[in-house]
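1. The following block contains a protein sequence and its predicted model.
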Amino acid sequence: CSAVTERTRNGQVAEAAAEGRTLRPRHAWHPIAEMPDALFRAVMVAEDTRFYEHEGFDFEQIRDAWRSNRSGRRLRGASTISQQTAKNVYLDPSRNFLRKGREAILTGWLELWLTKDRILEMYLNVVELGPGIFGVGSASAEYFERSPGELTREQSALLAATLPAPLVRNPGEPTGSLRGR
């Protein structure tokens, strides 16, 4: 897990540097058994409602995103938790078709070899939840001064609501729109 974490952190630090941001990475790995069910539910509502139903790709969401993006409305993605885990753990932050192809292959492998709970655990431990804040362990300590297992339902929901824009939303000082989300 530490090699995965280091690769993820390095990739996200490089991405921040490319965007002109400086990160002071914080990370602490926590087993899924130490995380509250409310956090799982909130993250799935925010990121991938059919996580336990699909095999890595949510083709209904992909179709809806394609239609939305073609219509000229605000761009939206359709990456699943499994796809985001593959990207965050194994790939660089570039945005091109080659990286997307690699992500698809890795997503298939993750789904083939790991349980859904293990994929979710990896995701929750590497997802960026603020500038330089990687994983729910660091986020819960930074924003709420507690471990993930001590998060309330509201705090779990606030962390999940920062996704997919954790660099502009702060669950420690939630706005009305963040609370509404």
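-> Right, received. Where do you want to start? Numbering: from 1, shown residues only.
2. if I pick residue 111, what's in contact with it?
-> 55, 56, 82, 119 (Cβ atoms under 8 Å, 6 or more residues apart in numbering). In short, each C-beta sits where N, CA and C put it, glycine included.
3. let's go with 10 Å and repeat that
-> 54, 55, 56, 57, 80, 82, 83, 86, 119 (Cβ atoms under 10 Å, 6 or more residues apart in numbering).
4. with those residues in mind, which one is nearest to residue 22?
-> residue 86 (26.6 Å; Cβ to Cβ).
5. Just give the nearest non-adjacent residue to that closest one, would you?
-> residue 106 (3.8 Å; Cβ to Cβ, 6 or more residues apart in numbering).
6. List the residues that contact the residue nearest the centre of the chain.
-> Centrality entry for the chain: nearest residue to the mean C-alpha point is residue 127, 3.9 Å, by Cα atoms, centre = their mean. Residue 127 sits next to 8, 12, 43, 47, 81, 84-85, 88, 133-136, 139, 159-160, 162-164, 166 when contact means Cβ under 10 Å, 6+ apart.
7. One more: residue 80?
-> Per Cβ under 10 Å, 6+ apart, neighbours of residue 80: 47-51, 54-58, 61-62, 86, 107, 111, 119, 123.
8. picking that back up, is there a quick ChimeraX command that grabs whichever of the contacts of residue 127 are buried?
-> Entered in ChimeraX, the line below selects the buried ones among the contacts of residue 127, by 16 or more other Cβ atoms under 10 Å:
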select :8,12,43,47,81,84,85,88,133,134,135,136,139,159,160,162,163,166
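9. Counting only helices, which of the contacts of residue 127 make the cut?
-> Mapping the contacts of residue 127 onto helices (DSSP state H) picks out 8, 12, 43, 47, 81, 84-85, 88, 135-136, 139, 159-160.
10. would you list those residues in JSON lines and tack on distance to residue 102 and pLDDT?
-> Formatted as JSON lines, the ones in helices among the contacts of residue 127 follow (distance: Cβ to Cβ, whole Å; pLDDT from 0 to 100):
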{"residue": "8", "distance to residue 102": "15", "pLDDT": "52"}
{"residue": "12", "distance to residue 102": "17", "pLDDT": "62"}
{"residue": "43", "distance to residue 102": "24", "pLDDT": "94"}
{"residue": "47", "distance to residue 102": "21", "pLDDT": "90"}
{"residue": "81", "distance to residue 102": "17", "pLDDT": "95"}
{"residue": "84", "distance to residue 102": "14", "pLDDT": "92"}
{"residue": "85", "distance to residue 102": "13", "pLDDT": "95"}
{"residue": "88", "distance to residue 102": "13", "pLDDT": "90"}
{"residue": "135", "distance to residue 102": "23", "pLDDT": "94"}
{"residue": "136", "distance to residue 102": "26", "pLDDT": "95"}
{"residue": "139", "distance to residue 102": "27", "pLDDT": "95"}
{"residue": "159", "distance to residue 102": "28", "pLDDT": "94"}
{"residue": "160", "distance to residue 102": "27", "pLDDT": "93"}
